Every structure is written in structure tokens, then in C-alpha cells.
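Q: Sequence and predicted structure, then a few things I'm wondering about:
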Amino acid sequence: MSTLNNLKLVVSKRHQTVSPVVHRRNKLVAKLHEQIELCEAKQAGNAYAPKRLKTYTNKQTGEKMTVETVKRVKEWFWISDSGKINLAIKYGAKTLMLNKKSKANCIELTSGEELISTLIALKTDVLNGALDEAIAEVSTATREGFGK
């Protein structure tokens, strides 16, 4: 008991849920991290193949099996007709509107290094709440699609 006497004890309750805004930010940051890893692997000449656990039921035995499979990651970037790299930020299957006035939905970049640095900068911006409005728009549009 002497160790407990030396520690600072407080009364606290752990929050079970996070706010929806923070949850959406964290989802987008995780996807941005995947895109960064994908770009770095492509630049190094490697294939990026993250693993995930998939559970299925065996039809013959009825037993549940867990298998490690390769997760498919779609690229958010492509090379345009002008030879520049275009980057679209996606939330789920929808592309985020980056500027409402000009209706811009892509970022034009010149090189792979610039692509990686832009993705890293976007990751910190999302954590600071820069794209919260665009994420909320896409999220409510998706939710309304289910309410038909």
C-alpha cells in the first residue's frame, strides 16, 4: 500500500463515445495515412498491401473462421491530361468539395514528393478541423440517401 500513498489518486469517469465530428476527423485521418503509405510505397517501387482480419462462416461445417486478407486501397490521385497529378480527398465513396465558390474538388500537384507533403499537411489540417464542414455535408448527404 505504500506505492498508492505516493501516487496522486483522482475520481474520474471514462467517456464511452467521442463526438461525431471527432469520429469523422479520425476516419478521414486514417484514410489519409493509408494514402501516404501507398504513395511512399509506390515511390520506393514496392506494393502497398495492408492486412485485415476477415471473419466468415464455413458452409460445410458451419464454423466461423478468421483469415488474414489483403485490404484493397484505392488511389485518390491520378495523372491528368496535362501531365500533372490530381488529388481528390474522399470521405467514403464521395469526393469532398474543397472550395464552395469555385466548386473545386481536386488539388493539382507537380511531383510525387509534393503529393506526399500535401497529404501530410492535409492530415494535420483535418485534425485541426479545416475540413469539418465538407465532411459534414457529405455525411448528411449519405445519411439522407438511406432515409428514402
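A: Happy to help now that I have it.

Q: which ones are touching the residue most central in space within the chain?
A: Central residue check for the chain by CA atoms, centre = their mean: the C-alpha nearest the mean position is that of Lys31, 1.9 Å away. Neighbouring residues of Lys31 by CB atoms under 8 Å, 6 or more residues apart in numbering: 90-91. Bear in mind the C-beta positions are built from the backbone N, C-alpha and C, glycine included.

Q: SS state for it?
A: Per DSSP: H, G, I helix; E, B strand; the rest coil, the local secondary structure of Lys31 is helix.

Q: Please report how far it lies from Glu75.
A: 12 Å (CB to CB, to the nearest Å).

Q: cool, and Glu133?
A: As judged by CB to CB, Glu133 and Glu75 stand 25 Å apart.

Q: Also Ala134?
A: From Ala134 across to Glu75, the span is 20 Å (CB to CB).

Q: Please identify which of the two sits among more neighbours.
A: Ala134 (21 against 12; other CB atoms under 10 Å).

Q: Let me see the contact set for that one.
A: When contacts are counted by CB under 8 Å, 6+ apart, Ala134 is found next to 91, 96-98.

Q: Pretty sure it sits in a helix.
A: Yes. Counting by three-state DSSP, Ala134 falls inside a helix.

Q: Restricting to C-alpha, output the helix or strand of the chain with the lowest mean pLDDT in PDB.
A: For the chain, scoring each helix and strand by mean pLDDT, DSSP states H and E identifies helix 2-6 as the least confident one, at a mean of 79. Extracted C-alpha coordinates of helix 2-6, given in PDB (Å, rounded to 0.1, in the frame of the first residue of the first chain):
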ATOM      1  CA  SER A   2       3.000   2.300   0.300                       C
ATOM      2  CA  THR A   3       3.000   2.800  -3.500                       C
ATOM      3  CA  LEU A   4      -0.600   4.000  -3.600                       C
ATOM      4  CA  ASN A   5       0.200   6.600  -0.900                       C
ATOM      5  CA  ASN A   6       2.900   8.100  -3.200                       C
END
